[in-house]
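Engineer: Provide a 3D model corresponding to the input given below.
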Amino acid sequence: QVQLVESGGGLVQAGGSLRLSCAASGLSFSSYTMGWFRQAPGKEREFLIGVRWSGETTTYADSVKGRFSASRDNDKNTVYLIMNNLKPEDTAVYYCNAHYVGSRDVWGQGTQVTVSS
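Structural biologist: Sure thing, here's the model as predicted:
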């Protein structure tokens, strides 16, 4: 069974940090490009960062550049999202995604991040 499970969300004060984890199972993890997305209430899902099999990352969301980063551990089948200097507008449900060309994308169930002012 292919599965992505996010963890590490919670309540944090503005200016704080969190590290989210996404553990994958049932797929050839190192072959997939992993991505982090978020969705705030009333807004569309936003693509934040992509992490290639090599660990190379691309940040797509201007709002998180310089504050968020991502990494992966192919031995642990896990991808991470490191979030620093969090702002109230970062409040959202955060999702990880596994993408492989020609295959259907896999999504986790999401983890809530709430940033208080």
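Engineer: hey, what's Asp73 bridged with?
Structural biologist: Thr78 (DSSP bridges).
Engineer: State the distance from it to Cys22.
Structural biologist: Separation of Asp73 from Cys22 (C-beta to C-beta, to the nearest Å): 11 Å. The way it works is simple: take the backbone N, C-alpha and C, and place the C-beta from them, glycine included.
Engineer: same check, this time on Arg52
Structural biologist: 15 Å.
Engineer: what about those two, which has more around it?
Structural biologist: Cys22 (27 against 12; other C-beta atoms under 10 Å).
Engineer: quick one on the thing from earlier: now do the shared contacts for Asp73 and Cys22.
Structural biologist: Val79, Tyr80 (C-beta atoms under 8 Å, 6 or more residues apart in numbering).
Engineer: Which stretches in the protein count as strands?
Structural biologist: With DSSP state E as the criterion, the chain has strands at 3-7, 10-13, 18-25, 33-39, 46-51, 57-59, 68-73, 78-83, 92-99, 106-107, 111-116.
Engineer: what would these look like in CSV with mean pLDDT?
Structural biologist: Shown next, in CSV, are those (pLDDT from 0 to 100):
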stretch, mean pLDDT
strand 3-7, 97
strand 10-13, 98
strand 18-25, 98
strand 33-39, 98
strand 46-51, 98
strand 57-59, 94
strand 68-73, 98
strand 78-83, 98
strand 92-99, 98
strand 106-107, 98
strand 111-116, 98
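Engineer: which ones are touching Tyr95?
Structural biologist: So Tyr95 contacts Glu6, Trp36, Phe37, Arg38, Gln39, Arg45, Trp107, Gly108, Gln109, Gly110 (C-beta under 8 Å, 6+ apart).
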